[in-house]
Every structure is written in C-alpha cells, then in structure tokens.
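Enquirer: Structure of the sequence below:
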Amino acid sequence: MTILSWIILGLLAGAVAKFLLPGRDPGGLVGTTLIGIAGAFIGGWISARWLDHPVSKDFYDGAMWAAAIGGSLVLLIAYRLLFGNSRD
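Expert: Okay, here's the model as predicted:
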C-alpha cells in the first residue's frame, strides 16, 4: 500500500473510531482525523511487529482494518484522557 492509501485508511478508521466512541473530543474533527491517521500507522506497525501479521498490499484486508481501527480507538481514548477537560 502507498502512503496515500494509509492516509485514506486512517481517515476512515478515525471516522469508525469516532462512531464507536461518540462525544466531544478536545481536538474536534481535525484532531480526530489526525488521530485516525496516526492510529492506522501505529495499528499497522504493531500488527506487523508483534502480532506476526505483515502489512498486506490489499486495501481490503480485514486484519489491517481491525488493526487501524484498534489503533485509532486506543489513541482516541488516550487523547480524551490526557486532554479531555481542556475545552470545558
């Protein structure tokens, strides 16, 4: 996969993570989008490094999507815990 497809995957994974964790985010739409992109990269890296599932060249690989969404969820939860009260 190219870097552009990882960014698209991250955007979609961020949207799914936001759907699964509704509520106000400290960074808004832009912050959630960037968290989704970073989560896709981190999820793919963790999957390839420790879960023995190399990054596929296929955009529609279910395990890669699960890793990207999982990474986005973890980063979104951490972001809310660290900066959740900054918009109050």
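Enquirer: in this protein, which segments are predicted with low confidence?
Expert: 1, 25-27, 53-59, 84-88 (pLDDT under 70).
Enquirer: Spatially central residue in the protein, please.
Expert: residue 72 (2.5 Å; C-alpha atoms, centre = their mean).
Enquirer: what's it in contact with, if anything?
Expert: Contact analysis of residue 72 by C-beta atoms under 8 Å, 6 or more residues apart in numbering lists 10, 13-14, 16-17, 35-36, 38-40, 43. No exception for glycine: its C-beta is placed from N, CA and C like everyone else's.
Enquirer: Relative to residue 5, how far out is residue 80?
Expert: 28 Å (C-beta to C-beta, to the nearest Å).
Enquirer: more crowded one of the two?
Expert: residue 80 (17 against 12; other C-beta atoms under 10 Å).
Enquirer: picking up where we left off before, widest-spaced pair of the contacts of residue 72?
Expert: Across those, the longest distance by C-beta to C-beta is 14.6 Å; it joins 16 and 38.
Enquirer: Now name the helix or strand holding the residue lying closest to residue 73 once chain neighbours are set aside.
Expert: Distances taken as C-beta to C-beta, 6 or more residues apart in numbering put residue 17 closest to residue 73, at 4.8 Å, once the chain neighbours are dropped. Per DSSP states H and E: residue 17 is located in helix 3-20.
Enquirer: How about residue 30?
Expert: Per DSSP H and E: helix 28-49 holds residue 30.
Enquirer: Alpha carbons only: can I get the helix holding residue 17 in PDB?
Expert: This file holds the C-alpha atoms of helix 3-20, laid out as PDB (Å, rounded to 0.1, in the frame of the first residue of the first chain):
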ATOM      1  CA  ILE A   3       1.300   6.300   1.800                       C
ATOM      2  CA  LEU A   4      -1.900   7.800   0.300                       C
ATOM      3  CA  SER A   5      -3.900   4.600   0.900                       C
ATOM      4  CA  TRP A   6      -2.600   4.600   4.500                       C
ATOM      5  CA  ILE A   7      -3.900   8.100   4.900                       C
ATOM      6  CA  ILE A   8      -7.300   7.200   3.400                       C
ATOM      7  CA  LEU A   9      -7.400   4.100   5.700                       C
ATOM      8  CA  GLY A  10      -6.600   6.400   8.600                       C
ATOM      9  CA  LEU A  11      -9.300   8.800   7.800                       C
ATOM     10  CA  LEU A  12     -11.900   6.000   7.600                       C
ATOM     11  CA  ALA A  13     -10.600   4.300  10.700                       C
ATOM     12  CA  GLY A  14     -10.800   7.600  12.600                       C
ATOM     13  CA  ALA A  15     -14.400   8.000  11.400                       C
ATOM     14  CA  VAL A  16     -15.200   4.500  12.700                       C
ATOM     15  CA  ALA A  17     -13.400   5.100  16.000                       C
ATOM     16  CA  LYS A  18     -15.400   8.400  16.400                       C
ATOM     17  CA  PHE A  19     -18.600   6.500  15.700                       C
ATOM     18  CA  LEU A  20     -17.800   3.800  18.300                       C
END
